[in-house]
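**Q** pasted the sequence and its predicted model underneath.
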Amino acid sequence: MYADPTHIRKKRVNLSLNDSEARLAEAMAEFNGMQTSVFLRELILEGLTRVHGANSGVNAPELRAAHQ
């Protein structure tokens, strides 16, 4: 199914949000036409790229959905 098995997402992370944070995440995901979990993953990866990538020049092709 995948040309490159390294792209299979099998690691999970639990994230606890309060009611307003969850509503905000759901609203932003809906506004962007994405599932909440996908939206949050892209947001986290973008933030990590800004913090780490700015110093190392690493590009994150996984962020393709955020930039379409």
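**A** All right, it came through fine.
**Q** any stretches of the chain with poor pLDDT?
**A** 1, 54-68 (pLDDT under 70).
**Q** ranges for the helices of it?
**A** Here the chain has its helices, by DSSP state H, at 19-31, 36-48, 54-56.
**Q** among the ones you listed, which is the most enclosed?
**A** Ranked by mean neighbour count under mean count of other Cβ atoms under 10 Å, the helices of the chain are led by helix 36-48, which reaches a mean of 15. C-beta: built from backbone N, CA, C; applies to glycine.
**Q** for it, C-alpha coordinates in PDB please.
**A** Extracted in PDB, the C-alpha atoms of helix 36-48 (Å, rounded to 0.1, in the frame of the first residue of the first chain):
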ATOM      1  CA  THR A  36      -8.600  17.500  14.100                       C
ATOM      2  CA  SER A  37      -5.800  15.000  14.600                       C
ATOM      3  CA  VAL A  38      -4.400  15.700  11.200                       C
ATOM      4  CA  PHE A  39      -4.500  19.500  11.800                       C
ATOM      5  CA  LEU A  40      -2.800  19.100  15.200                       C
ATOM      6  CA  ARG A  41      -0.100  16.800  13.700                       C
ATOM      7  CA  GLU A  42       0.600  19.300  10.900                       C
ATOM      8  CA  LEU A  43       0.700  22.200  13.400                       C
ATOM      9  CA  ILE A  44       3.100  20.400  15.700                       C
ATOM     10  CA  LEU A  45       5.400  19.400  12.800                       C
ATOM     11  CA  GLU A  46       5.400  22.900  11.500                       C
ATOM     12  CA  GLY A  47       6.300  24.300  14.900                       C
ATOM     13  CA  LEU A  48       9.100  21.700  15.300                       C
END
